[in-house]
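Visitor: Any chance you could fold what I've pasted below:
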Amino acid sequence: MLVKEPIIEIEKAEKTDLDDILVFVNKVNKEWYSKIIPAEHWYEPFLTKQQIRKMSEIMDFFIHKQRDSIIAVGSFGTIDEESAWIPLMYMRSDSQGKGIGSSLMYHLEEIARQGGFRRIQLETDSKAEWALNFYRKHGYSIFKKDENPWGYHVWLEKLL
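Guide: From the prediction side, this is the model:
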């Protein structure tokens, strides 16, 4: 379902949400990416407390909660005057297909549009077919690939 406007409440995360975001991102990252990244290249945690605190100084995090539990996380940053960036986008697997991810994506894209950005970019692994399918459904296309030991790291872009 391609969402034209948010149907799920997305809120800007507070600094007090960072620890919960960290736990959520590391858990979901392990659930999905440990299946495609070979053990010899896998590391945990994906993000440390220091990394997420540093990220929060240069970008904003957005979340959707149900019963005080994070269901989805997205972050918004900038590359340059014309390009916005979605460094993180994670969704709890048991909540997929309910419009939450699409609402989060719409919200992040709307922030970019209101900021006057011409494009928005993000990255993922070439073997993360669930992510690639989701991003393509929302109008993103691959513009760059870098080889890694198990395939490719890909960058996707959407013109706004």
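
Visitor: separation between the residue lying farthest from the centre of the chain and residue 27?
Guide: Largest separation from the mean C-alpha position in the chain: residue 40, at 24.5 Å (CA atoms, centre = their mean). Going from residue 40 to residue 27 by CB to CB, to the nearest Å gives 22 Å. Backbone N, C-alpha and C define where each C-beta goes, glycine included.

Visitor: Over to residue 77?
Guide: The value you get for residue 77 to residue 27, if CB to CB is used, is 22 Å.

Visitor: Distance check, the residue nearest to residue 42 when sequence neighbours are not counted against residue 127.
Guide: By the measure of CB to CB, 6 or more residues apart in numbering, the closest residue to residue 42 outside its immediate chain neighbours is residue 34, 5.9 Å from it. As defined by CB to CB, residue 34 lies at a distance of 12 Å from residue 127.

Visitor: cool, and residue 101?
Guide: Taking CB to CB as the criterion, residue 101 is separated from residue 127 by 19 Å.

Visitor: if you count what's nearby, which of the two comes out ahead?
Guide: With other CB atoms under 10 Å as the criterion, residue 101 and residue 127 differ in neighbour count, and residue 101 comes out ahead with 26 against 17.

Visitor: Cool, thanks, talk later.
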